[in-house]
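Peer 1: this one's structure only:
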């Protein structure tokens, strides 16, 4: 029976582990012997009485071993111990087979490192510092003496430092450039972290102080919407009977109060501009007449719309092109719009809408248009929509939307005219039902036009008693045309410091209103206004 040979990798791994543990055990024994070295023990340097006990924890062998290492290498004995421990750990956890040249380079560099270290210790540390004997041992003393005779003290130290750096890099397999780069990077990171922490702390202190100042300022400058009367006494008003109180003046309301009293609005309202700028608005401006849409450019027919005959021809052409691509369908209706025209087609039974979607680019190419959009599902209909861009886009005027029945019948003071849909019907939304409105786009895509259309919608829909605005314009160009309108709570803000303060005021005002509505048990401004109307 032939015996199978053992796995050579297993044998090599076992030998590696055994060698590593022997090195670690030997290093630990040497470390204990060096730490417990005593000149009273019998060794190569001294002879003690046979009756004296050995002080060294490593026993007689440890006493002789530590004496030999200290005598030969001085403080370099500790470096020998460190190198041996490093080699054992590397052998145990990070071992990779190397050639003999690599091992020879490692041993040579470790030897040079120990000799250089012992020489440096011989120069910088005296015998008093190292009571075991010479700080550099016999080797350090010999090398430093001979080098000093040849290169002098300064030259010798220069060469020794250079050899120490090179030997350390080769022995422990690292690059000094990497070390310097890491130290610099971590130093910069620590410095940056410290500076950011200091800035954050200073900003926190500044914001707290500024918040206190803003609260104190608005406490005296802001005209509140109401004034609790739980502790106040009603008083008569000195107002002419023919002149009712201004509708925008707040009406105080308290659950326990049976008498409702209101204060006359002042001739001028002081509204804080977040940075202590006071903008005064006259009551006469708040009662200004609503503007007419005649101020806007009229919507004219520019001839861009397709005639009925042209729409029919395009519908027939679409049916032909679909048939060429293997899709049997019939155009049931045509919905022309300002930008695109939607053709609603009824596919033959069994035809998937995805089949039409997959040939959208081919349809666009055959119709000589830039693109074609396929709407697979149209709510309330069993047809598929094919949207083809118009040759000439129609200019949509704001007048068309502001004069439409949809906008006029909208009861919300925050109605916004956004434009027209693909069928040319006006799109009007209520900002109160969509509080998070984001306007984004590339340069020239119409962001400014959209914002101006929204602002004009508010100005044409609501008077200053219903809607007040805070406008922030970092560019100082976009919103400057609105300076002086009665709807503004403050002049147009262009300084970002003032903008931050103004937004903080808005947050504080929102919190105050939420507390008022909570006390009255209502969920919104409409409920609050209804409570006020009932109290009248």
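Peer 2: Good, I have the coordinates. As the structure is a computational prediction, the values presented were derived from the model and not from experiment. Numbers count the residues shown, from 1 in each chain.
Peer 1: give me the below-cutoff pLDDT ranges for the stretch 51-200 of the chain.
Peer 2: 51-52, 95-99, 126-133 (pLDDT under 70).
Peer 1: output the below-cut-off pLDDT ranges for this protein.
Peer 2: Of all residues in the chain, those with pLDDT under 70 make up the ranges 1-13, 46-52, 95-99, 126-133, 210-211, 213-288, 301-304, 536.
Peer 1: go through it and flag its longest helix.
Peer 2: In the chain, assigned by DSSP state H, the helix with the most residues is helix 176-221.
Peer 1: where does the record place the domain boundaries for this structure?
Peer 2: Domains of the chain are assigned by automatic domain parsing as 8-174, 308-389.
Peer 1: just how off-centre is the longest helix of the chain within its chain?
Peer 2: Computed by Cα atoms, centre = their mean, to the nearest Å, the separation of helix 176-221 from the middle of its chain amounts to 17 Å.
Peer 1: mind putting the domains of the chain in JSON lines, distance to residue 407 and mean neighbour count included?
Peer 2: In this view, the C-beta of every residue, glycine as well, is placed from N, C-alpha and C. Formatted as JSON lines, the domains of the chain follow (distance: least, Cβ to Cβ, whole Å; neighbours: other Cβ atoms under 10 Å):
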{"stretch": "domain 8-174", "distance to residue 407": "74", "mean neighbour count": "16"}
{"stretch": "domain 308-389", "distance to residue 407": "17", "mean neighbour count": "15"}
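Peer 1: what is the longest helix of the chain packed up against?
Peer 2: Counting contacts by 3 or more Cβ pairs under 8 Å, 6 or more residues apart in numbering; DSSP states H and E, helix 176-221 is packed against strand 268-273, helix 496-520.
Peer 1: let's see 10 Å
Peer 2: helix 137-172, strand 268-273, helix 496-520 (3 or more Cβ pairs under 10 Å, 6 or more residues apart in numbering; DSSP states H and E).
Peer 1: gap between the closest residue to residue 169 other than its chain neighbours and residue 66?
Peer 2: In space, and not counting its chain neighbours, residue 169 is closest to residue 176: 6.0 Å by Cβ to Cβ, 6 or more residues apart in numbering. Using Cβ to Cβ, to the nearest Å, residue 176 is found at 33 Å from residue 66.
Peer 1: residue 323 too?
Peer 2: 102 Å.
Peer 1: before we move on, the earlier item: switch the helices and strands packed on helix 176-221 over to TSV; also include distance to residue 57.
Peer 2: Written out in TSV, the entries for the helices and strands packed on helix 176-221 read as follows (distance: least, Cβ to Cβ, whole Å):
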stretch	distance to residue 57
helix 137-172	22
strand 268-273	81
helix 496-520	70
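Peer 1: these: which one's closest to residue 82?
Peer 2: Among the helices and strands packed on helix 176-221, the nearest to residue 82 by Cβ to Cβ is helix 137-172 (9.9 Å).
Peer 1: what packs against that closest one?
Peer 2: If you count contacts as 3+ Cβ pairs under 10 Å, 6+ apart, helix 137-172 packs onto helix 59-73, helix 76-93, helix 100-124, helix 176-221.
Peer 1: contacts only, for the closest residue to residue 430 other than its chain neighbours.
Peer 2: Closest residue to residue 430 apart from its sequence neighbours, by Cβ to Cβ, 6+ apart: residue 412 at 4.3 Å. Residues in contact with residue 412 (Cβ atoms under 10 Å, 6 or more residues apart in numbering) are 428, 429, 430, 431, 432, 433, 461, 462, 466, 526.
Peer 1: the same query, at a cut-off of 8 Å, please.
Peer 2: Shown in contact with residue 412 (Cβ atoms under 8 Å, 6 or more residues apart in numbering): 430, 431, 432.
Peer 1: which among those residues end up buried?
Peer 2: The neighbour count (16 or more other Cβ atoms under 10 Å) marks residue 431 as buried among the contacts of residue 412.
Peer 1: will you turn the contacts of residue 412 into CSV that also has distance to residue 185?
Peer 2: Output for the contacts of residue 412, formatted as CSV (distance: Cβ to Cβ, whole Å):
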residue, distance to residue 185
430, 54
431, 50
432, 52
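Peer 1: now the contacts of residue 412 in CSV, with secondary structure?
Peer 2: Shown next, in CSV, are the contacts of residue 412 (DSSP: H, G, I helix; E, B strand; the rest coil):
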residue, secondary structure
430, strand
431, helix
432, helix
